[in-house]
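Engineer: Predicted model and sequence below, questions to follow.
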Amino acid sequence: MRGAHVIAAGAVSALGSGDLAYRVGEVGERAKIGTMRDEMLEREGFARPIAARVAGTSSLGIDRATHLLAEALAQCLARLEPRWRSKRIGLAVGTSSGGMLTMERFFATLARNERPTLDLARGATYFAPLADVLSSEGLSFAPRVLVLGACASSTLAIGLALRWLSLGRCDVVLAGGYDAVGSFVASGFEALRATTATLPRPFRIGRDGMALGEGAAMLALAQEPLGPTYGFVAGFGASTDAVHLTAPDPTGRGLGAAAALAIADAGIGAADIDLVSAHATATAFNDPAEARAMRRALGDRAPKVVHPFKAQIGHTLGAAGALETLAALDALSRNVAPAAAGEGSVDPECDVPLLDTNEDLRARAALKLSSAFGGANAALVLTARPTPSRSTPPRSVFIHAVARVAEALDARAIAEALAGHHPHLHRLDPLARLVISAAYRLSLATGRAALSGAGLVVGHGLATLEQNELFDRRRRERGPRAVEPRLFPATSPNAAAGECAIGMGLTGPTFAVGGSLHGGLEALAVAKDLVAAGDANAMLVIAADLGGPTSSALLAAAGAPPGVEGACACLLGSEPQEGAAPLDALIPPTLGDGPDWLWSPPCGHLELATYLERLGRR
């Protein structure tokens, strides 16, 4: 079986806690709205201070994201049937900003020439909230991954959970995501002119953007239910636009491909999709592109209803896919066609069916769509009951090539290497140049043709810390209304992966991971599973670490050894080639637990290189 039952769930959003966080309401009701003017954003001088906050958590709390994740995970575990606790349990969590609230305090401390405390330094990472929650609860999971796929993170996490179950890696997986609203991220989206001045109106004439939201959601998935379930995740698909870092492919080709893959994976036809849970950011370019993606995947037959849940709970970034999945499963299980928040006529360029009030609908299946910075796309197919069971044996996986770089190529060398394949070379940040340099060095060994249609998983430790400090410094100096929009996109840990996909023409699943400083091994394990499960015939794995004063200060304050800049790349494939090392006997690295393990060693690219050498690939 490729799909899985949702056997437990926990969630928090602006609409409430538990089931209230995602419940779509009763027939005849209008959509409930959790977005409003936000006191913190108003106080800090935002031009468009609209957000959707979770009640009961201080907006100034340094551990706000940790609280949200802890609450959703605790709810999910409390609802998990006790017999599952003795089974092999995996964990796949997605986030866009991780410990950004603490990171803001870390940057401010450095700006005052003060030495950060140990707790502040260790909390100023993308993996800190997850590490804190697991440490405080004394929980251990294997396999485990932190997906840094921006706004598609939790949809990708749920997809990875399906693959782990089908590959027999574990018996149950907890999958989902979280994010909190803070000044750093809010100022970035406002600078990009992506936020609304009133309320979001997805797919409608006159829409002016999204409202940021916060929340968390965790789903427990298993192939064998032991009691009542929330529904069934029947299929998964992922792709990459390889067009632009922040804008979608206007044709909808990439997102449409991910949707078609998910439908095929579920073993159903496009005609069975009655409900679409849309990404629906209410921005001028994204909504029409998503509507075209729906038409590409579903053909001439439109779904009976499209649900833009972000208009109710805000754009919850790393939590969005999981919260929207739970809302769609709620609609399927209770035979409700959910209403769409927002007013006005539907934009003819979008032409999707929106409801003013909830209606009765016995939908056969729902399609959940997500897209993100870096051109990442992910889709799920959801049903109230299991689709016909099918078995797909795991494919063999081989290492085709390995390459290492100590530093990034200069701008001229990258321009020559990419030969015009990247339209915005002048915008590349140092981390993106490093990742592209490693991919280019790998292509010299394999040939560019070997990368056609491939995907990419980039493993990070400190990820975009240097770029984040630069952006936050300008934010503190100039205020949220005067930050530089060109600096913000590269603060996403998924940015380097996306820029590499554009430059190398990668269209398979592409995203970043980084649940510790061991991000390179995490990326290797995830990419191997995607090839084994058939999500791509080839996957690049790149571990990249960027040096700099901010990274050095954090590692020193955290009690970790100094970092070393560089990148290691390898190409995994499903076809044996001369000299290719088989990975069939490879047991993917088991990521450890505890603060000491999280902070040693500090260089994921060196660790990946060493690991590959032990496998006989130099």
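Structural biologist: Yes, it's here.
Engineer: tell me the SS of L91?
Structural biologist: Here L91 is strand, with the state taken from DSSP: H, G, I helix; E, B strand; the rest coil.
Engineer: who's in contact with the nearest residue to it once chain neighbours are set aside?
Structural biologist: In this structure, L91 finds its nearest non-sequential neighbour in F141, 3.6 Å apart by CB to CB, 6 or more residues apart in numbering. Just so you know, the C-beta spots here come from the backbone N, C-alpha and C atoms, and that holds for glycine as well. Taking CB atoms under 8 Å, 6 or more residues apart in numbering as the criterion, F141 is in contact with 89-91, 134, 174.
Engineer: switch to 6 Å and redo it
Structural biologist: 89-91 (CB atoms under 6 Å, 6 or more residues apart in numbering).
Engineer: quick one: it and C170, what's the gap?
Structural biologist: The gap separating F141 from C170 is 8 Å, by CB to CB, to the nearest Å.
Engineer: Determine the three-state secondary structure at the residue nearest to L91.
Structural biologist: At F141 the chain is in coil, as set by three-state DSSP.
Engineer: List the backbone torsions phi and psi for it.
Structural biologist: As for F141, its main-chain torsions (degrees, to the nearest 10) stand at phi -130, psi 150.
Engineer: quick one, what contacts A567?
Structural biologist: Counted by CB under 6 Å, 6+ apart, A567 has contacts 405, 434, 438, 542, 544, 605.
Engineer: Please repeat the previous calculation with a cut-off of 8 Å.
Structural biologist: Counting by CB under 8 Å, 6+ apart, A567 makes contact with 404-405, 434-435, 437-438, 542-545, 605.
Engineer: residue boundaries of the helices in the stretch 151-300 of the chain?
Structural biologist: 153-166, 183-191, 253-266, 286-298 (DSSP state H, counting those that start in this stretch).
Engineer: hmm, back to that, mind putting the contacts of F141 in TSV, neighbour count, pLDDT and distance to V24 included?
Structural biologist: TSV is the format used below for the contacts of F141 (neighbours: other CB atoms under 10 Å; pLDDT from 0 to 100; distance: CB to CB, whole Å):
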residue	neighbour count	pLDDT	distance to V24
I89	22	93	29
G90	21	95	29
L91	26	96	27
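Engineer: Which single one of the residues you listed is nearest to G453?
Structural biologist: G90 (27.6 Å; CB to CB).
Engineer: Quick check: the gap between the closest one and S277.
Structural biologist: Counting by CB to CB, the gap from G90 to S277 is 24 Å.
Engineer: ditto for I268
Structural biologist: I268 is 16 Å from S277, where distance means CB to CB.
Engineer: More neighbours: which of these two?
Structural biologist: Between I268 and S277, S277 has the larger neighbour count (other CB atoms under 10 Å), namely 30 against 19.
Engineer: Touching, the more buried one and F309? I think so.
Structural biologist: Yes. Proximity of S277 to F309 meets the contact threshold set by CB atoms under 8 Å, at 6.5 Å.
Engineer: Between these two, which contacts overlap?
Structural biologist: Joint contacts of S277 and F309 (CB under 8 Å, 6+ apart) are 324, 327.
Engineer: Find the nearest non-adjacent residue to the residue nearest the centre of the chain, please.
Structural biologist: For the chain, S153 is the residue whose C-alpha lies nearest the centre (CA atoms, centre = their mean; 1.5 Å). In this structure, S153 finds its nearest non-sequential neighbour in G94, 2.7 Å apart by CB to CB, 6+ apart.
Engineer: right, and the secondary structure at T550 would be what?
Structural biologist: Quick answer, by three-state DSSP: T550 is helix.
Engineer: which residues does the closest residue to it other than its chain neighbours contact?
Structural biologist: With CB to CB, 6+ apart as the criterion, T550 has its nearest non-adjacent residue at 4.3 Å, and that residue is E469. Counting by CB under 8 Å, 6+ apart, E469 touches 107, 110, 550.
Engineer: how close does E469 sit to F184?
Structural biologist: 11 Å.
Engineer: list the contacts for E214?
Structural biologist: In this structure, E214 makes contact with 13-14, 51-54, 64, 68, 179-181, 314, 316, 319, judged by CB under 8 Å, 6+ apart.
Engineer: So which of those residues wins on neighbours?
Structural biologist: Ranking the contacts of E214 using other CB under 10 Å puts A319 first, with 37 neighbours.
Engineer: ok, A432 touching M504?
Structural biologist: No. Counting by CB under 8 Å, A432 sits too far from M504 to count as a contact (11.8 Å).
Engineer: Could you check which of the two has the larger neighbour count?
Structural biologist: Shown here are A432 and M504; by other CB under 10 Å, A432 has more neighbours (30 against 26).
Engineer: give me the number of residues near the closest residue to the more buried one other than its chain neighbours?
Structural biologist: Closest residue to A432 apart from its sequence neighbours, by CB to CB, 6+ apart: E499 at 4.0 Å. Neighbourhood size, E499 [other CB under 10 Å]: 28.
Engineer: and E499, helix, strand or coil?
Structural biologist: helix.
Engineer: separation between it and F373?
Structural biologist: Taking CB to CB, one finds E499 at 10 Å from F373.
Engineer: where do the contact lists of these two overlap?
Structural biologist: With CB under 8 Å, 6+ apart as the test, E499 and F373 both reach L245.
Engineer: Can you show me the strands along the stretch 301-450 of the chain?
Structural biologist: Ranges of strands in the stretch 301-450 of the chain, per DSSP state E, counting those that start in this stretch, are 305-307, 336-337, 359-360, 365-371, 376-383, 398-405.
Engineer: tell me the least confident of the contacts of E214?
Structural biologist: Of all the contacts of E214, R64 carries the smallest pLDDT score, 93.
Engineer: so what's the nearest residue to it once chain neighbours are set aside up against?
Structural biologist: Take R64 and drop its neighbours on the chain: the residue closest to it by CB to CB, 6+ apart is A180, 4.2 Å away. The contact partners of A180, taken as CB under 8 Å, 6+ apart, are 64-65, 68, 97, 100-101, 214.
Engineer: ok, the residues you listed vs G447, which is closest?
Structural biologist: S97 (37.7 Å).
Engineer: How much space separates that closest one from L167?
Structural biologist: For S97, the distance to L167 (CB to CB) stands at 30 Å.
Engineer: Between those two, which is the more surrounded one?
Structural biologist: S97 (27 against 16).
Engineer: Domains in this structure, by residue range?
Structural biologist: As assigned by automatic domain parsing, the chain contains the domains 4-96+148-383, 398-614.
Engineer: Span of the shortest one from start to end?
Structural biologist: When the termini of domain 398-614 are compared using CA to CA, to the nearest Å, they are 15 Å apart.
Engineer: can you check the first one too?
Structural biologist: In domain 4-96+148-383, first residue to last residue: 10 Å (CA to CA).
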